[in-house]
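K.L.:
below is the sequence, then the predicted model.
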Amino acid sequence: MNQKPRIVVVGSANTDLLFMSQTVPRGGETIFGTGFDMGFGGKGANQAVAASLCGAQVQMIGAVGGDMFGAATVANFQSMGVGTSLVRVIPDASTGAALILVEPNGENRIVVVKGANDLVRPADVDAAAAQIAEADLVLLQFEIPLETVYRTIEVAKAHQVRCMVNPAPALPVDLARLAAADYLILNETEAEAITGCQVRSPADREACLEKLLASGFQRVVLTLGAKGSMLAARAGRVHAPPFPVTAVDTTGAGDAFIGSLATFLTEGLAEQEAVTRANLYAALSATRTGTQKSFARRAEFEAELARRRTTPQRR
Ligand code: ADP
């Protein structure tokens, strides 16, 4: 393909504030921490950045507050090549933010304030209908109001644009209103929450996939962590094996997988090859700390793909 594929992400953007400390404070107590880090997050933003670094032309539809995190979020998108003309700045709102307290044993305590993400409305999608109509694929998650997710699917389908939904975090959902999406992509925890089925064994997994396909989805992609991923359609299932890596931080692996899969599919790769490549893109992200910071650029990904294909299964 000569032209870059065009992907629109309708979703969230957060600022992650990580505080490392030996203990967590009790009510009324103030303690000194041992470290601090800041990162750009939110599933929508992460997937947009992964798709962009992977080579797509990405446009974000979302909202940030009028605070300094909003300006920093927009600047980060721009530095990652993500279009921001449809990111609304809402002066009276706060930018989505996550306070993440990390203890030495790795235990996390997280408070998320949705802020402006909760103000991404169906009207924002209607206003962007022309850009959606020109896209090759629209990507959605559940960190914005569900009504906006449903509306986006309607608009995308009205223009015959492919649509991919990542139901994360899992919420009680009207599956019938999602089923027009071309791809449902979820991990095992989300699959359990959405179907109410346990996913502990291959037989459980099969029953869960069957239930999702029976709800009307044409394609379901189930990510299986270190076990790779599974592409399910009525015609059958394909397991895409994982690429072995020394994982140091799997935060954001799912977002890396989804953003890269969207790019590979819109480049016209066959589904099985696209899912296999997304496994590698996500596995690479697990070899580095951080979320967006751990996502590879396309050239680096291609070099690793070539290396793995000539010497299979080497870490
Ligand atoms: P999430 O991050 O949403 O929990 P998963 O844990 O299923 O999602 O990971 C998403 C994808 O990342 C997997 O399908 C796989 O391709 C890749 N991945 C995750 N963990 C590993 C790992 N330890 N080794 C290799 N690949 C991994």
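P.N.:
Happy to help now that I have it.

K.L.:
run a quick neighbour tally on residue 191.
P.N.:
Residue 191 has 24 neighbours, counted by other CB atoms under 10 Å. From N, CA and C alone the C-beta is placed, and that goes for glycine too.

K.L.:
name the element it belongs to?
P.N.:
helix 188-195 (DSSP states H and E).

K.L.:
hmm, that helix touching the ligand?
P.N.:
No - in terms of CB under 6 Å from any ligand atom, no part of helix 188-195 sits within range of the ligand; the closest distance is 6.9 Å.

K.L.:
going toward the C-terminus from that helix, what's the next helix or strand?
P.N.:
Following helix 188-195 in sequence, per DSSP H and E, is helix 202-214.

K.L.:
and that following helix, which residues are buried?
P.N.:
For helix 202-214, the neighbour count (16 or more other CB atoms under 10 Å) marks 205, 208-209, 211-213 as buried.

K.L.:
where do the helices sit along the stretch 51-200 of the chain?
P.N.:
68-79, 122-127, 129-133, 146-158, 175-178, 188-195 (DSSP state H, counting those that start in this stretch).

K.L.:
which strands or helices does the longest one pack on?
P.N.:
I take that to be helix 146-158. Applying 3 or more CB pairs under 8 Å, 6 or more residues apart in numbering; DSSP states H and E, one finds that helix 146-158 makes contact with strand 6-10, helix 122-127, helix 129-133, strand 137-141, strand 162-166, helix 175-178.

K.L.:
so residue 220 sits in a strand?
P.N.:
Yes - per DSSP: H, G, I helix; E, B strand; the rest coil, residue 220 lies within a strand segment.

K.L.:
so who does it touch?
P.N.:
Residues in contact with residue 220 (CB atoms under 8 Å, 6 or more residues apart in numbering) are 183-186, 209, 212-213, 231-233.

K.L.:
next, count neighbours for the residue in the stretch 151-300 of the chain that the ligand sits nearest to.
P.N.:
Nearest residue of the stretch 151-300 of the chain to the ligand (CB to the nearest ligand atom) works out as residue 254 at 2.3 Å. The local packing of residue 254 (other CB under 10 Å) involves 23 other residues.
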